[in-house]
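**Q** model the structure of this input:
(one chain, ligands or ions: 2)
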Amino acid sequence: MSRTKSHEVFARAKHLMPGGVNSPARAFGGVGGEPIVFERGQGAYLVDVDGNQYIDYIGSWGPMILGHLHPAVREALHAAVDQGTSFGAPTERENGLAELIIELVPSVEQVRLVNSGTEATMSAIRLARGFTGRNKIVKFAGNYHGHVDSLLVAAGSAAATLGVPNSPGVTPGTAQDTIVLPYNNLEALDQLFAEHPDEIAGVIFEPVVGNMGCVPPMPGFLEKIREHCDHYGAVMIMDEVMTGFRVAMGGAQQLFGIKPDLTTLGKIVGGGLPIGAYGGRADIMGHIMPAGEVYQAGTLSGNPLATAAGIATLQTLKDTNPYPQLDSHTQLLEQGLTAAAAEAGIPTVTGRVGSMLTLFFHNEPVRSWDDAAKCDTARYGKYFWEMIERGIYLPCSQYEALFVSAAHSDADIAKTIDAAKDAMLAIKK
Ligand SMILES: Cc1ncc(COP(=O)(O)O)c(C=O)c1O
Ligand SMILES: N[C@H](C=O)CCC(=O)O
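**A** Ligands and ions are numbered 1, 2, ... in the order given. Next up is the predicted model:
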């Protein structure tokens with residue numbers, strides 16, 4: 001595979017943007033080498049600027065659950081663009097997207113649209129603080145909630161991959177009200193709430209972690225967070241930016257039957273355009289300005305293009321219910337990758353919920369960041385590049401989940417497993 005043009009474009013990008021990228025997760029820091037520059041996407045495939053085609057398992061880090069350039073999304077965008085791209089005023093499409101979110105996400109009674117997942121989590125923790133009059137927020141090591149200062153503490157995703165889980169620039173003053181606990185550890189939660197019964201404004205968490213690789217919640221973990229939030233009057237904030245409309249139509253809260261007080265959304269809710277949302281109990285959402293006094297705003301919030309793509313995506317998911325197929329395809333992939341590694345004598349374990357999957361180069365279950373940190377990341381890097389050479393585009397870090405889309409066919413999954421068989425043999429030494 002030649003990537004001469006990719007190399008040239010990226011060489012120019014390095015002079016123009018820090019590290020040549022607009023988000024560190026795509027910088028290939030966890031696998032070495034340099035990023036591939038893409039020209040277009042169609043269905044389950046991406047084509048780079050040199051004309052090489054790849055089966056895409058990143059899907060823009062989650063949003064493209066229908067695959068690239070889905071006809072319904074494309075048509076909705078064309079219709080919206082012909083009417084103007086931004087008004088900074090109410091539109092009917094905002095109602096349309098809000099209605100779909102409220103209908104589909106079990107706990108959401110009212111919603112506010114923002115421009116990214118980061119804005120959603122930042123606003124949700126401000127609301128939790130304003131609502132409770134308390135300061136402390138609990139988060140879990142290896143969970144990532146975007147680049148909100150106070151949540152860039154023991155953070156996952158590229159912050160973990162690139163070794164800055166506590167980013168420089170986050171002041172001790174900002175971080176002092178963030179309490180970090182180990183994921184899936186019930187005793188740690190018990191102890192914390194017993195020690196700080198009246199100080200905790202909210203607990204924010206990924207209900208299925210995608211940002212230290214895919215790590216499902218252990219039985220009882222989500223229930224324990226709910227129980228403590230109820231008992232101690234803290235706001236339960238389920239960060240469904242990644243899991244929302246991904247692990248089930250109603251997200252992880254529907255899958256696991258746990259109702260949070262607030263939910264944060266992003267990625268799929270915008271169908272590939274920049275958007276985020278937060279919503280939940282009407283009595284809490286009623287504290288947001290102008291209904292209440294907690295300030296939160298945005299010039300482009302509720303943008304006509306983003307809402308059009310979001311509506312088309314959610315409506316298509318609702319009409320077509322791809323979740324059984326997503327689950328069976330991803331299960332096949334999980335089994336195939338595991339078998340390929342085993343045949344080559346390489347120890348691996350998997351984490352999977354629905355169409356989120358990670359093959360960990362580790363020989364014990366991964367349940368927390370401490371477990372994930374022990375993975376053989378150098379071996380993951382070699383595997384990644386062998387798969388690239390075989391036309392399979394995987395996440396460029398052990399600490400990111402892969403996503404299967406509704407556009408992946410049986411043949412795509414089979415081709416990926418065949419590629420993994422060869423790749424595992426190649427990295428065996
Ligand atoms: C769980 C989770 N929360 C929040 C975010 C932040 O979203 P964004 O990148 O759109 O700001 C991400 C992804 O980046 C995420 O995976
Ligand atoms: N893991 C991140 C979000 O889910 C990856 C996206 C990014 O930060 O660029």
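**Q** show me what from the stretch 151-300 of the chain comes close to ligand 1.
**A** Residues of the stretch 151-300 of the chain lying close to ligand 1 (CB under 6 Å from any ligand atom) are 206, 210-211, 239, 241-242, 266, 276. For the C-beta atoms, the positions are set from N, CA and C on the backbone; glycine is no exception.
**Q** export those residues to a markdown table and tack on secondary structure?
**A** Putting these into a markdown table (DSSP: H, G, I helix; E, B strand; the rest coil) gives the following:
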| residue | secondary structure |
| --- | --- |
| 206 | coil |
| 210 | coil |
| 211 | strand |
| 239 | strand |
| 241 | coil |
| 242 | coil |
| 266 | coil |
| 276 | strand |
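**Q** of these, which is the nearest to residue 96?
**A** Closest to residue 96 out of those is residue 276 (17.0 Å), distances taken as CB to CB.
**Q** list the contacts of residue 6.
**A** With CB atoms under 8 Å, 6 or more residues apart in numbering as the criterion, the residues that contact residue 6 are 34-37, 48-50.
**Q** typo on my end, residue 350
**A** With contact set as CB under 8 Å, 6+ apart, residue 350 has these partners: 214, 334, 337-338, 357-360.
**Q** and if we set it to 10 Å?
**A** Residue 350 makes contact with 213-214, 333-335, 337-338, 341, 357-360, 365-366 under the criterion CB atoms under 10 Å, 6 or more residues apart in numbering.
**Q** doesn't it fall inside a helix?
**A** No. If the criterion is three-state DSSP, then residue 350 is strand and not within a helix.
**Q** and which of the residues of the stretch 151-300 of the chain next to ligand 1 is nearest residue 70?
**A** residue 266 (18.3 Å).
**Q** can you pull the phi/psi pair for the closest one?
**A** Dihedral pair for residue 266: phi -170, psi -160, per degrees, to the nearest 10.
**Q** grab the nearest non-local neighbour of it.
**A** Nearest-residue entry for residue 266: residue 117, 3.0 Å, with adjacent residues in sequence omitted and distances by CB to CB, 6 or more residues apart in numbering.
**Q** the one you found - how many residues pack around it?
**A** As a burial measure, the neighbour count of residue 117 was computed by other CB atoms under 10 Å and equals 31.
**Q** mind listing what it touches?
**A** Applying CB under 10 Å, 6+ apart, the residues contacting residue 117 are 61-62, 144-148, 239-242, 244, 264-267, 269-270, 274-278.
**Q** before we move on, the earlier item: greatest separation within the contacts of residue 350: which pair is it?
**A** The most widely separated members of these, counting by CB to CB, are 333 and 365 (19.0 Å).
**Q** the two: which is more packed in?
**A** Shown here are residue 333 and residue 365; by other CB under 10 Å, residue 333 has more neighbours (25 against 13).
**Q** for that one, what are its contacts?
**A** 57, 350, 352, 355, 357, 359, 402, 404, 408, 412-414, 416-417, 420.
**Q** confirm that it sits in a helix.
**A** Yes. The assignment for residue 333 is a helix, going by three-state DSSP.
**Q** neighbour-wise, which of the contacts of residue 6 leads?
**A** The member of the contacts of residue 6 surrounded by the most neighbours (other CB under 10 Å) is residue 36, with 22 neighbours in all.
**Q** let me have the contacts of residue 350 in TSV, extended by secondary structure and pLDDT.
**A** Putting the contacts of residue 350 into TSV (DSSP: H, G, I helix; E, B strand; the rest coil; pLDDT from 0 to 100) gives the following:
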residue	secondary structure	pLDDT
213	strand	98
214	coil	98
333	helix	98
334	helix	98
335	helix	98
337	helix	98
338	helix	98
341	helix	98
357	strand	98
358	strand	98
359	strand	98
360	strand	98
365	coil	97
366	coil	98
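**Q** can you list the low-confidence ranges for the protein?
**A** Counting by pLDDT under 70, the chain contains no low-confidence residues.
**Q** any idea which residue sits dead centre in it?
**A** For the chain, the residue nearest the mean C-alpha position is residue 242 (3.1 Å; CA atoms, centre = their mean).
**Q** show me what contacts the nearest residue to that one once chain neighbours are set aside?
**A** Distances taken as CB to CB, 6+ apart place residue 210 nearest to residue 242, at 4.4 Å, with adjacent residues excluded. For residue 210, the residues meeting the contact criterion (CB under 10 Å, 6+ apart) are 61-62, 143-144, 156-157, 239, 241-243, 246-247, 267, 351, 353, 356-358, 395, 399-403.
**Q** and for residue 105?
**A** Under the criterion of CB under 10 Å, 6+ apart, the contact partners of residue 105 comprise 111, 238, 240, 244-245, 249-251, 253-254, 259-260, 263, 265, 269, 277, 279-280.
**Q** swap the cut-off to 8 Å and go again
**A** For residue 105, the residues meeting the contact criterion (CB under 8 Å, 6+ apart) are 240, 244, 250-251, 253-254, 263, 265, 279.
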